[in-house]
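# Fold the following.
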Amino acid sequence: MFLLDKNILPQNPNLNFNKWLDLCNSEGSAVLINKETDWTSFDVVAKMRKITKIKKIGHCGTLDPFATGLLILCLGKATKQISNFQDLPKQYLATVKLGTTTKSFDTEQEEENQKDISHLKNEQIISVINKFVGKIEQIPPMFSAKKIKGEKLYDLARKNIEIELQPVTVEIFSIKIIGIELPFVQLLIDCSKGTYIRALARDIGKELGVGGYLTQLKRTAIGEYLSQNSFEIDEIFSWSKLGL
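Predicted coordinates:
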């Protein structure tokens, strides 16, 4: 397996960008990126291609455009190991709004189906959230990059074409409730690959009988790799200009 720790672009004040670039071209390498909101994962890949002039770059797990946080990019020969990193567990910091829904289960679409939540108690919310810890069956969102017969679901959804999706088994290792300030609930979620946090927000809202969707989502970790050790694209661009 490719040794990501050995070849990863380091958080180091004495970083030598050109030496790292040589490593990318010879052995392959990786970099932890903090994705900004409204960027697609492919946008980040395209920006890195422009900075490094390396064409062979791939990311290890898609983040929705509205989401932020950790995105691992593999460059050069390291792209052969992308699947190994995709298989790692993920951690997300998520904010769920209860009492309303959207078609995309996030902020991309307008709110609809508003319901009264004045009857909800914290104990009830906590009890429902805890039901989702463990292996669960989850129906993917229509607004997602998942492909059915070669077409991405969000392309079908934007054409108002709906298809019956089959549930998939995912695992929620833990959910820590950071805070409840209705209508918002903030959660720290550790989960398996393939888990849709937007679908989790939908299902929590549905179980409570009031609906729900994600207003914020940040990926904080992929396996042992943390968002706090990631780079901004602008940082890498500045180093590339300096060569340091």
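# Near residue 8, how many other residues are there?
19 (other Cβ atoms under 10 Å). C-beta coordinates here come from the backbone N, C-alpha and C atoms, glycine included.
# so what's it closest to, chain neighbours aside?
residue 30 (5.0 Å; Cβ to Cβ, 6 or more residues apart in numbering).
# what do you get for residue 51?
residue 240 (5.1 Å).
# in which helix or strand would I find the one you found?
Residue 240 belongs to helix 233-242 when assigned by DSSP states H and E.
# Let me know the pLDDT of the closest residue to residue 101 other than its chain neighbours.
Of all residues not flanking residue 101 in the chain, residue 211 sits nearest, at 4.0 Å (Cβ to Cβ, 6+ apart). The model reports residue 211 with a pLDDT of 98.
# before we move on, what about residue 1?
pLDDT, residue 1: 37.
# Summarise which helices and strands the host helix or strand of residue 34 is packed against.
If you go by DSSP H and E, residue 34 is part of strand 29-35. Secondary-structure packing of strand 29-35 (3 or more Cβ pairs under 8 Å, 6 or more residues apart in numbering; DSSP states H and E): helix 4-7, helix 41-52, strand 68-75, helix 233-242.
# Report the angle between that strand and helix 41-52.
With axes from the mean of the first three to the mean of the last three Cα atoms, to 10 degrees defining the directions, strand 29-35 sits at 130 degrees from helix 41-52.
# quick one: average confidence on strand 29-35?
92.
# And that strand, how far out from the chain middle?
13 Å (Cα atoms, centre = their mean, to the nearest Å).
# go on, stretch 179-189?
18 Å.
# Strands of the protein, start to end?
Here the chain has its strands, by DSSP state E, at 29-35, 57-59, 68-75, 90-98, 134-138, 147-148, 151-152, 168-181, 184-191, 212-222, 225-226.
# Return the list of strands paired to the longest one, each annotated with direction.
This points to strand 168-181. Pairing partners of strand 168-181, with direction, according to DSSP bridges: strand 134-138 (antiparallel), strand 184-191 (antiparallel).
# Could I get the CA-only coordinates of the last one as PDB?
Output in PDB follows, covering the C-alpha atoms of strand 184-191 (Å, rounded to 0.1, in the frame of the first residue of the first chain):
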ATOM      1  CA  PHE A 184     -31.000  23.300  15.000                       C
ATOM      2  CA  VAL A 185     -29.200  20.200  16.300                       C
ATOM      3  CA  GLN A 186     -25.400  19.900  15.900                       C
ATOM      4  CA  LEU A 187     -23.900  16.400  15.600                       C
ATOM      5  CA  LEU A 188     -20.500  14.900  15.400                       C
ATOM      6  CA  ILE A 189     -20.800  11.700  13.400                       C
ATOM      7  CA  ASP A 190     -18.400   8.800  12.900                       C
ATOM      8  CA  CYS A 191     -19.500   6.500  10.000                       C
END
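# can you list the residues that contact that strand?
The contact list for strand 184-191 (Cβ atoms under 8 Å, 6 or more residues apart in numbering) reads 89-98, 125, 129, 170-180, 195, 197, 200, 204, 215, 220.
# Could you pull up the residues touching the residue nearest to the spatial centre of the chain?
Most central in the chain under Cα atoms, centre = their mean is residue 63, positioned 3.8 Å from the mean C-alpha point. Applying Cβ under 8 Å, 6+ apart, we find residue 63 in contact with 35, 41, 69, 71, 219.
# what's the residue lying closest to residue 58 once chain neighbours are set aside in contact with, if anything?
Leaving aside its chain neighbours, residue 58 sits nearest to residue 79 (4.7 Å; criterion: Cβ to Cβ, 6+ apart). By Cβ under 8 Å, 6+ apart, the contact set of residue 79 is 28, 56, 57, 58.
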